[in-house]
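>>> need coordinates for the below:
(2 chains)
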Amino acid sequence: NAGVTQTPKFRILKIGQSMTLQCTQDMNHNYMYWYRQDPGMGLKLIYYSVGAGITDKGEVPNGYNVSRSTTEDFPLRLELAAPSQTSVYFCASSPRQGSYNEQFFGPGTRLTVL
Amino acid sequence: QQQVKQSPQSLIVQKGGISIINCAYENTAFDYFPWYQQFPGKGPALLIAIRPDVSEKKEGRFTISFNKSAKQFSLHIMDSQPGDSATYFCAALKAYNQGGKLIFGQGTELSVKP
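Okay, the predicted model is just below:
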């Protein structure tokens, strides 16, 4: 199993541009998450999904959109990029609801908006 | 009430010493407390976790101490090694919350000097 994979690894955007961060997991996990990590701020949840076709907002959803058409894929869309979206983005997945199962993280995408 | 506060922000320990990282929470509905370890350029990975029905959990050199009345928990790394140099995140989860969402602390950057 490859686990959770993310592309691209790095990206520089200009203000106002758009992009999609890709996330794929091959563990057949129901739950998937998008986080952003800023220095000294920990991990903040952007969006999450409990299964294909179901998504919901996390703590910091503004400026982002997601979709979940399959169990495996959970892309994160940035519209009209702003410097405040400069961050490292992590995708994660987890087996099921209401359990204490761990979240498995991808390697991250480092995004810079100039 | 959804916050988890972590300290210190950074920690330098000599090889062979004990590293101690502390976390505090307010929400008494939290009932699962994992610690994640993140090496530079990688995503976080589950290190060790505890539920509040026990006061301590040990796995090798890593121990979680849990004080339910004080709403605090801590990670102790015994005989710290340079390979332990990483960022550590505490987290908390409320059972049966939709999506199994974790609340992360701000992170502690640990450096173990040889």
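>>> from the centroid of chain A, which residue is nearest?
residue A:34 (2.8 Å; CA atoms, centre = their mean).
>>> any idea which element that one lies in?
strand A:31-38 (DSSP states H and E).
>>> tell me how far the lowest-mean-pLDDT helix or strand in chain B lies from the chain's centre.
When each helix and strand of chain B is scored by mean pLDDT, DSSP states H and E, strand B:102-104 comes last, with a mean of 91. Taking CA atoms, centre = their mean, to the nearest Å, the mean C-alpha location of strand B:102-104 is offset from the chain mean by 11 Å.
>>> and for stretch B:79-92?
Taking mean C-alpha positions (CA atoms, centre = their mean), stretch B:79-92 and its chain are 8 Å apart.
>>> which outside residues touch the strand holding residue A:34?
A:21, A:23, A:25, A:43-51, A:58, A:60, A:64, A:66, A:68, A:74, A:76, A:87-97, A:103, A:108, B:99-101 (CB atoms under 8 Å, 6 or more residues apart in numbering or on different chains). To be clear about C-beta, it is placed using only N, CA and C from the backbone, and glycine gets the same treatment.
>>> and the residues you listed, which are buried?
Buried by 16 or more other CB atoms under 10 Å in any protein chain shown: A:21, A:23, A:25, A:43-50, A:58, A:60, A:64, A:66, A:68, A:74, A:76, A:87-94, A:103, A:108, B:99-101, out of the contacts of strand A:31-38.
>>> ok, the closest residue to residue A:107 other than its chain neighbours - contacts?
Nearest residue to residue A:107, sequence neighbours excluded (CB to CB, 6 or more residues apart in numbering or on different chains): residue B:43, at 5.4 Å. By CB under 8 Å, 6+ apart, the contact set of residue B:43 is A:4, A:90, A:92, A:105-108.
>>> neighbours of residue B:24, how many?
17 (other CB atoms under 10 Å in any protein chain shown).
>>> ok, back up a step: cross the buried ones among the contacts of strand A:31-38 against strands and list the overlap.
Mapping the buried ones among the contacts of strand A:31-38 onto strands (DSSP state E) picks out A:21, A:23, A:25, A:43-50, A:64, A:66, A:76, A:87-94.
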